[in-house]
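> sharing a sequence plus its predicted fold:
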Amino acid sequence: MPGVIGSARLARVRVLTSSFARVLGICCVHRELDGDCNVYGLSRPLRPCVLAPGNAIARRTIEWINLSAGSESCGGYTSQLFFVSRMSGVITALQVQKNNKERVNVYLDGRFAFGLAALEAIKLRRGQKLADDEIAALQDRDEAHQAHEAALRYLDYRPRSVDEIRRHLKTKDVRPDVIDEVVERLSQAGLLDDRAFARYWLENRSDFRPRGERALRMELRQKGVPDDVIAEALGQGHNEDDSAYRAAVTQARKIRATDPREFRRKLEAHLARRGFSYDTAREAAARAWNDLHPENQGSFESEV
């Protein structure tokens, strides 16, 4: 067998059902969860595993057969597949990737082994021998680098909360410890700050889509912002009455020809959907009516 559980590196972890294992001819690995301990044991090895940890061929193979991660019961255990292989060898080539000049393909003993960020690859040289633990360390650093780059791309569109970054990286199968590392790095660089994000969110809503405090609080909670940070941000920069009036103005112009009763009903419903209280919505509706009908300012109160 090419590698032993415990000394060989368990691949980045790609899982296949054992039925497809037989099609691909990859070794099946039993994985029994015992409290916090993972107990591994080989089951029915068909032939040596030829796909290396993190190997692009492995990823493309899984995508090609369109599998989602899965498992099936086998003798009381959960039968799953891990790509297990020893990767130690001598570097025979370092080639810049065609589609991404910032990454380099590393070849060991004449075969492609793994990809690395160019900044990491410049530390390597042809003829250098890499042991399994050195390769594992390189791949760990590369995983952290790629996760950091993914987070930065996600931040390109707009500021994000800490929880948004964590959820985004989780969808990309980034390990929890790597996510922690990325969050810490971004926080130290000032690129990730829930307080700054909450202020940004309130200012953006105030300028473009005014919302009531109730709706704003719900939106920030959905972004994973802690309640104390939300309360602090709302207390510093949110004017409920002003926001309600600005939210009412555009809609009020559309319904200005309606009678006062209908005007009030539609506008208050519009504001309620945006998180404003009944009293705040009523005052904003009256103010909008009076602005649009200065000659009939008393008609709104008298007719409704």
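Done, it's in.
> buried residues, stretch 177-191. List them.
178-179, 181-183, 186 (16 or more other C-beta atoms under 10 Å). The way it works is simple: take the backbone N, C-alpha and C, and place the C-beta from them, glycine included.
> could those residues go into CSV alongside secondary structure?
Output for the buried residues of stretch 177-191, formatted as CSV (DSSP: H, G, I helix; E, B strand; the rest coil):
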residue, secondary structure
178, helix
179, helix
181, helix
182, helix
183, helix
186, helix
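> okay if I get these as CSV plus distance to residue 211 and pLDDT?
Output for the buried residues of stretch 177-191, formatted as CSV (distance: C-beta to C-beta, whole Å; pLDDT from 0 to 100):
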residue, distance to residue 211, pLDDT
178, 35, 94
179, 30, 96
181, 35, 95
182, 31, 97
183, 28, 97
186, 27, 97
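> per-residue pLDDT, the closest residue to residue 95 other than its chain neighbours?
The spatially closest residue to residue 95, leaving aside those adjacent along the chain, is residue 105, at 4.7 Å (C-beta to C-beta, 6 or more residues apart in numbering). Note on residue 105: pLDDT of 94.
> would you confirm that residue 105 belongs to a strand?
Yes. Counting by three-state DSSP, residue 105 is found in a strand.
> surely it and residue 97 touch.
Yes. Contact criterion C-beta atoms under 8 Å: residue 105 and residue 97 qualify, at 5.9 Å.
> so for the two, which residue has more residues nearby?
residue 105 (17 against 14; other C-beta atoms under 10 Å).
> pLDDT of stretch 135-150, averaged?
Mean predicted confidence for stretch 135-150 is 93.
> who touches that stretch?
9, 12, 53-54, 87-88, 113-117, 119-120, 130, 168-169, 172, 174-175, 178-179, 181-182, 185-186 (C-beta atoms under 8 Å, 6 or more residues apart in numbering).
> rerun that using 7 Å as the cut-off
9, 54, 87-88, 114, 116-117, 120, 169, 172, 174, 178-179, 181-182, 185 (C-beta atoms under 7 Å, 6 or more residues apart in numbering).
> now do stretch 201-218
220, 230, 233-234, 237-238, 240, 243-244, 246-247, 274-277, 280.
> show me which of those is closest to residue 258.
residue 247 (18.0 Å; C-beta to C-beta).
> would you write a ChimeraX line that selects the buried entries of the contacts of stretch 201-218?
What follows is the ChimeraX syntax for the buried subset of those, where burial is set by 16+ other C-beta under 10 Å:
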select :220,230,233,234,238,240,243,244,246,247,274,275,276,280
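> rank the contacts of stretch 201-218 by pLDDT and give me only the lowest.
Minimum pLDDT for the contacts of stretch 201-218 is recorded at residue 237 (74).
> identify the contacts common to residue 105 and residue 97.
Between them, residue 105 and residue 97 share these contacting residues under C-beta under 7 Å, 6+ apart: residue 115.
> just the buried positions in the helix ranked longest in the chain, please.
Criterion DSSP state H: the longest helix present in the chain is helix 132-157. Burial within helix 132-157, assessed by neighbour count using 16+ other C-beta under 10 Å, is assigned to 132, 135, 138-139, 142-148, 150-151, 155.
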